[in-house]
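**Student:** sharing a model prediction with you, sequence too.
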Amino acid sequence: MKAAVYYETGAPDVFRYEEVPDPALTATDVMVQVEAISIEGGDTLNRLGGDMTSTPHIVGYQCAGTILAVGESVTDRLVGQRVVCSMMSGSHAELVATPSAFTWPVPDGMDLTLAACVPIAFGTADDCLFEFGGLVAGETVLIQAGAGGVGIAAIQLAKRAGATVLATASSDDKLERLKGFGLDHGINYRTNDFAEVARQLTAGSGVDLVVDSVGTTLPGSMRALAYKGRISYVGNAGRDPQPIDVSALMGGNQSIHGVFLGAEMIMGTRAHANIGRLIGLVADGEIEVVVDRTFRLEEASAAHAYIEDRLAFGRVVLIP
């Protein structure tokens, strides 16, 4: 098979498009012909300096396609079935093998390009808001990096739940576009102190919940919190998070909750079923996946560079 691989971590130009061995199929796996690859935030961070499980390494957490073969112990998936799947690595390729437990059937008529973008972004957003964030109708939420995949998902889900939605982005144009997904108040973090603006927008009281996928923004997220406010801390997209003094939370009885969807998927069935529900909502048009651009798999370097230049609004997808 062909794959986008690298022999060392670094800038996007470490990618090479090469012929590599097909993945091995174990008893609990399905083999999938990949038709769409959603580039996740963790993919760019892994390529930049993460662990390499093999040399050459195939990065990638999520893709969608058609099952070509099933392992001898697999009873819940069929050859020819369309699925979206997650894995620890390997999505940037023409074929993937992954446990059937980390796959979800794609409803008839749903575009595989859209399906490829759902599990991690929407599952993470939902967990940040509700499972760990405890968001309820009438509360106010601030979503960092609102124009990213998790951000756009969180804006829609929070608005559906009856919350007032604030979000940050790097440009007024992106913030204007986000209004169509349920954004009530946008904050351009390049030109404003987002914590100060969040407090102004809430008449000084602060927000009930912050979804923070950036990391470097945590001190500001803490300053934006209301009494008993919560932060769902879900990533280091800022790439250089700084130490913070969590004792500052004590005075307001506030809290930070670390969120990792992968752990939820390993520890039980709730997260898997929830992702299935979210796929159904997208298929039914209740919530929307935004695909900014598609690139060919051999253009993985350009696709990663496009994301790192903060040009994307929504997801960037590779097509083998």
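**Tutor:** That came in fine, so what should we check first? Numbers count the residues shown, from 1 in each chain.
**Student:** could you use CA atoms for every contact and neighbour count after this?
**Tutor:** Noted.
**Student:** give me the residue at the spatial middle of this structure.
**Tutor:** A centroid search over the chain (CA atoms, centre = their mean) returns A121, at 3.1 Å, as the residue closest to the centre.
**Student:** for the stretch 151-300 of the chain, which segments are assigned as strands?
**Tutor:** 164-169, 185-188, 207-212, 225-233, 255-258, 291-296 (DSSP state E, counting those that start in this stretch).
**Student:** you'd agree E196 is up against A224?
**Tutor:** Yes - in this structure E196 lies within contact range of A224 using CA atoms under 8 Å: 7.0 Å.
**Student:** tell me which of the two has more neighbours.
**Tutor:** Comparing E196 with A224 by other CA atoms under 10 Å, the one with more neighbours is A224, at 26 against 14.
**Student:** how is the protein partitioned into domains?
**Tutor:** Here the domain parsing of the chain from automatic domain parsing is 2-117+289-319, 120-262.
**Student:** reformat those domains as CSV; add mean pLDDT and distance to V282.
**Tutor:** Below are those laid out as CSV (pLDDT from 0 to 100; distance: least, CA to CA, whole Å):
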stretch, mean pLDDT, distance to V282
domain 2-117+289-319, 96, 7
domain 120-262, 94, 10
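**Student:** how about CSV for those domains, with distance to R277 added?
**Tutor:** Converted to CSV, the domains of the chain look like this (distance: least, CA to CA, whole Å):
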stretch, distance to R277
domain 2-117+289-319, 10
domain 120-262, 10
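**Student:** tell me how far Y233 lies from T55.
**Tutor:** In this view, Y233 and T55 are 32 Å apart by CA to CA, to the nearest Å.
**Student:** ok, these two, which is more surrounded?
**Tutor:** Y233 (22 against 10).
**Student:** how about a markdown table for the strands of the stretch 151-300 of the chain, with distance to L318 added?
**Tutor:** Formatted as a markdown table, those follow (distance: least, CA to CA, whole Å):
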| stretch | distance to L318 |
| --- | --- |
| strand 164-169 | 24 |
| strand 185-188 | 29 |
| strand 207-212 | 26 |
| strand 225-233 | 28 |
| strand 255-258 | 29 |
| strand 291-296 | 5 |
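**Student:** closest to A24 out of the ones you listed?
**Tutor:** Ranking the strands of the stretch 151-300 of the chain by proximity to A24 (CA to CA) places strand 291-296 first, at 24.3 Å.
**Student:** can you tell me which residues contact V197?
**Tutor:** I187 (CA atoms under 8 Å, 6 or more residues apart in numbering).
**Student:** distance of it from T294?
**Tutor:** Distance of V197 to T294, given as CA to CA: 35 Å.
**Student:** do I67 as well
**Tutor:** Distance from I67 to T294, by CA to CA: 22 Å.
**Student:** and the two? which has more neighbours close in?
**Tutor:** Neighbours per residue, other CA under 10 Å: of I67 and T294, the larger number sits with I67, 22 against 17.
**Student:** that one bridge partners, please.
**Tutor:** Beta-bridge partners for I67, by DSSP bridges, are V32.
**Student:** hmm, back to that, of the strands of the stretch 151-300 of the chain, which stretch is the most buried?
**Tutor:** strand 207-212 (a mean of 28; mean count of other CA atoms under 10 Å).
**Student:** which strands or helices does that one pack on?
**Tutor:** The elements that strand 207-212 packs onto, with contact taken as 3 or more CA pairs under 8 Å, 6 or more residues apart in numbering; DSSP states H and E, are strand 140-143, helix 218-223, strand 225-233.
**Student:** between it and strand 225-233, how big is the angle?
**Tutor:** Using axes from the mean of the first three to the mean of the last three CA atoms, to 10 degrees, the direction of strand 207-212 lies 20 degrees away from that of strand 225-233.
**Student:** all set, thanks.
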